[in-house]
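> Below is the structure, and that's it, no one-letter string:
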C-alpha cells in the first residue's frame, strides 16, 4: 500500500475472546529498529478487526486506533526519527500476532510482511537543477 493510505489490519482464526498482542516493526534505511505493540481481545467469533476492536491498556497505545500500530512506532535508539530518504524503495513493515499479554507475550501465532510504498506505479521522478535550486519533480502517469 502507499504510505499515506489507511491500512486495514485484521486477524482471523483466533479462539473466542482470545487475548493477543499485535506487534509491528520496521527498520529504517540506516538499520535502526522501530517497534509498536498493542494488546487486544478477539471477538466471540475469534476475529479481530482493528477498525472495530479497541486496544486494551498496556501497549504503545489504547483505544480504537485502526492505524495505531503504524503511528505509534518508536525507535529503539533514543531521539531517533523515522526518515525516508530514498522514496523509490518501500518500508518493509513486519506484523506479528503473539499469544497473550504481559511484558513477554507468548508464542508467535502468525506473522506477515507488508510493503509501504511512497510512489504509485508509473510515477516519474525528474531531478531539477537550475542555478542553486535542487529539487525533484514527481509526475503522475
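Right, received. Where do you want to start? Values in this document were obtained by computation on a predicted structure and should not be read as measured data.
> next one: phi and psi at the residue nearest to the spatial centre of the chain?
For the chain, residue 70 is the residue whose C-alpha lies nearest the centre (Cα atoms, centre = their mean; 3.7 Å). In terms of degrees, to the nearest 10, the main-chain angles of residue 70 are phi -100, psi -50.
> so who does it touch?
Shown in contact with residue 70 (Cβ atoms under 8 Å, 6 or more residues apart in numbering): 7, 24, 36, 93. For every residue, glycine as well, the C-beta is placed using N, CA and C.
> try it again with 7 Å
7, 24 (Cβ atoms under 7 Å, 6 or more residues apart in numbering).
> And residue 136, by the same measure?
125-128.
> what's the spacing between the residue nearest to the centre of the chain and residue 48?
16 Å (Cβ to Cβ, to the nearest Å).
> Over to residue 98?
Remark: distance between residue 98 and residue 48 (Cβ to Cβ) = 12 Å.
> Any idea what residue 116 is bridged to?
residue 91 (DSSP bridges).
> what's around residue 106, how many residues?
Look at residue 106: counted by other Cβ atoms under 10 Å, it has 13 neighbours.
> does it really touch residue 99, like I thought?
Yes - with contact defined as Cβ atoms under 7 Å, residue 106 reaches residue 99; the gap is 3.3 Å.
> can you give me the helices in the protein?
Secondary structure of the chain, counting by DSSP state H: helices at 68-71.
> just the strands in it please.
10-11, 19-27, 33-41, 48-49, 74-75, 91-99, 108-116, 124-130, 133-139 (DSSP state E).
> Residue 62 is nearest to which of those strands?
Nearest to residue 62 among the strands of the chain is strand 33-41 (7.5 Å), distances taken as Cβ to Cβ.
> In terms of secondary structure, what does the closest one contact?
Here strand 33-41 touches strand 19-27, helix 68-71, strand 74-75, going by 3 or more Cβ pairs under 7 Å, 6 or more residues apart in numbering; DSSP states H and E.
> Mind listing what's buried along that strand?
34-41 (16 or more other Cβ atoms under 10 Å).
> With stretch 15-23 instead?
Applying a neighbour-count criterion of 16+ other Cβ under 10 Å, one finds 18-23 buried in stretch 15-23.
> Alright, calling it a day.
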